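**Student:** Provided below for reference: sequence and predicted model.
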Amino acid sequence: MKTLITLFLALVVAFPVLAQTDSTQTLSKDFEELIGTVQDSLNTQKVNKEKKDTVHVRLGNRHVEIISTDKKTNIDIEKMDDFTSKWKEYDVEIDAKEVVKEKKKRKFDGHWQGLEFGGNQLWETETAYANYPVGTPSFLETRPEKSFEVNWNFAEYSFGFGSYMGIVTGLGINWNDYKFKNKYTIELDNNGVVQPVALAEKDFRLSKLSTVYLTAPLMFEFQIPGNHGQDRLFVAAGLIGGLKLGEHTKTKIGDNKEKDKGDFNLSPLRWGYTARIGFDDMGIFATYYNTKLFENGKGPEVTPLTIGFTFNF
């Protein structure tokens, strides 16, 4: 163990001097002194049986691992390609890690796969109910604080143009709950158009529309490396598409619950815009669909919008 302590102290003293490039003579002299210290320490050890001690030293962005036995001392140095050849002159085994010696390019890895949680709403314009009789209430107005979206993005494919930028796509499942602010639910009339249905005022608890879509993005992502290229700030934006898998309405009046799994003319296919920004594996995202919630002419012209948090893995 004394050997390891000696090596540690020697390295601590030598590193600041060795890091300078002003004088080749100073560098050589310091190496000779360092190796002499190591060899003197090793010569004082009694050889009874082979022992193995390991010391890890980190100075700034340099990491040194010293493995000492009775027969040999191995010094594993990272971030020290300038010193590799010099150590070999003194017959000390050096294992300079290639991943650090030549800065290895990290493979581009996009940010899509993971879980997302957000608040959503149905964006209404002044003409959202233009096809309905005058006086028709905004029966699809939502309560953003109680309307949520959950996304499980289970597949991701990244195509890098380098280590820090590329194209990201994949697949995911999107669940949305739109909880209505007003005491209405919806149904289809004889012409197949979505119409409001007033609910009982007494003991009104809940009215919502739920949807399920299969989603697929096509985004361009740019990353900014952080701590030694490991943690990265990322910015991604692009298009997102969806295929309808299911829908239903649910109401609760007092203790009476009703669910209708019928067809409510939701757009079977939709597309929109999505963007996300974050650091490492956490961030925020926003999605706005250019496609209206309902098929053209079969319901109010409202647009899904979501803002939330993303957790990648």
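**Tutor:** Arrived safely, thanks for sending.
**Student:** C-alpha from now on. contacts and neighbour counts both.
**Tutor:** Fine.
**Student:** Can you list the strands that the strand or helix carrying residue 283 pairs with?
**Tutor:** Taking DSSP states H and E as the criterion, residue 283 maps to strand 282-289. Neighbouring strands of strand 282-289 in its sheet, by DSSP bridges, are strand 269-279 (antiparallel), strand 302-312 (antiparallel).
**Student:** Select, out of those, the one closest to residue 136.
**Tutor:** When the strands paired with strand 282-289 are compared by CA to CA, strand 302-312 sits nearest residue 136, at 14.6 Å.
**Student:** Send over that closest one as PDB, restricted to the C-alpha atoms.
**Tutor:** The C-alpha coordinates for strand 302-312 follow below in PDB (Å, rounded to 0.1, in the frame of the first residue of the first chain):
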ATOM      1  CA  VAL A 302     -61.300  22.300 -33.400                       C
ATOM      2  CA  THR A 303     -57.600  21.400 -33.300                       C
ATOM      3  CA  PRO A 304     -55.700  19.300 -30.800                       C
ATOM      4  CA  LEU A 305     -52.800  21.100 -29.000                       C
ATOM      5  CA  THR A 306     -50.500  19.600 -26.300                       C
ATOM      6  CA  ILE A 307     -47.600  20.900 -24.200                       C
ATOM      7  CA  GLY A 308     -45.800  18.700 -21.700                       C
ATOM      8  CA  PHE A 309     -42.700  16.900 -20.400                       C
ATOM      9  CA  THR A 310     -40.700  14.200 -22.000                       C
ATOM     10  CA  PHE A 311     -38.600  11.500 -20.300                       C
ATOM     11  CA  ASN A 312     -36.400   9.600 -22.700                       C
END
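**Student:** Do me a favour and average the pLDDT over that strand.
**Tutor:** Regarding strand 302-312, the rounded mean pLDDT is 97.
**Student:** so the strand or helix carrying residue 208 versus strand 269-279, what angle?
**Tutor:** Assigning secondary structure by DSSP H and E places residue 208 in strand 204-225. Computed by axes from the mean of the first three to the mean of the last three CA atoms, to 10 degrees, the angle separating strand 204-225 from strand 269-279 equals 60 degrees.
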